[in-house]
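Engineer: Take a look and give me a structure for this.
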Amino acid sequence: MSNLIAITIDDTGLAPPTAEIEQERKVAIFDLLEDNSFALPARDGRDVPPGPFKLLLCIRDRRLVFDLSDESDAKVGEFHLSLGPFRQVVKDYFQICESYFDAVKTMPPSQIEAIDMARRGIHNEGARVLQERLEGKAVVDSDTARRLFTLICVLHWGA
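Structural biologist: I've put the predicted structure just below:
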């Protein structure tokens, strides 16, 4: 399976990220570039670029855009996903993250762990939604979907 070798987030026109959001973005991109699985499926008998790929991720006209190029920056594909299916899970994820960050300051470890388990569950749900939305467009493993979901959350925050 192929992979992503570069990731750029275009947040032009979005609210500037907080320090926490910027840190989440940097960690997700670093983790993605360290280990990811991203391939384009065969469609309509056309040749499929084998990758590796460079990804530009942005929001245009209220749609999530995956703009892909090869190592030499030649465009190899672009697809758009509706943001609608992500709205609730992103909202839930932001709420549980706020609870988690507050809990770390004041609650005992057992309560922090319970909130963190819920946070991971919502994050997994977001990754599952992403994998469903990418069906027929791109093939990603669970870890790649989780990290891409983090980047979608970062973009949602500013949208």
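Engineer: what number of residues lie near Y93?
Structural biologist: 22 (other C-beta atoms under 10 Å). For the C-beta atoms, the positions are set from N, CA and C on the backbone; glycine is no exception.
Engineer: Which pLDDT value belongs to it?
Structural biologist: At Y93, the model reports a pLDDT of 89.
Engineer: for the protein, which helix is longest?
Structural biologist: Scanning the chain for the longest helix, with DSSP state H as the assignment, gives helix 109-134.
Engineer: If we go by neighbour counts, what in that helix is buried?
Structural biologist: Buried residues in helix 109-134, defined by neighbour count with 16 or more other C-beta atoms under 10 Å: 112, 115-116, 119, 122-123, 126-127, 129-131, 133-134.
Engineer: which strands and helices sit next to the helix or strand just after that helix?
Structural biologist: Using DSSP states H and E, the helix or strand that follows helix 109-134 in sequence is strand 139-140. For strand 139-140, the packing partners by 3 or more C-beta pairs under 8 Å, 6 or more residues apart in numbering; DSSP states H and E come out as strand 38-39, helix 109-134.
Engineer: With mean pLDDT and distance to G84 as extra columns, can I get the ones you listed in JSON lines?
Structural biologist: Shown next, in JSON lines, are these (pLDDT from 0 to 100; distance: least, C-beta to C-beta, whole Å):
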{"stretch": "strand 38-39", "mean pLDDT": "94", "distance to G84": "23"}
{"stretch": "helix 109-134", "mean pLDDT": "92", "distance to G84": "10"}
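Engineer: just so I know, which of the ones you listed lies nearest E71?
Structural biologist: Closest approach to E71 among the helices and strands packed on strand 139-140 is made by strand 38-39 (13.6 Å; C-beta to C-beta).
Engineer: helices or strands next to that closest one in the packing?
Structural biologist: strand 139-140.
Engineer: can you give me how far the strand it packs on is from the chain middle?
Structural biologist: 12 Å (C-alpha atoms, centre = their mean, to the nearest Å).
Engineer: Now that strand: average pLDDT?
Structural biologist: 94.
Engineer: Name the strands paired with it and say parallel or antiparallel.
Structural biologist: strand 38-39 (antiparallel) (DSSP bridges).
Engineer: what sits up against the partner strand?
Structural biologist: With contact meaning C-beta atoms under 8 Å, 6 or more residues apart in numbering, strand 38-39 is reached by M1, S2, N3, L4, V48, G51, F53, L55, A138, V139, V140, T144.
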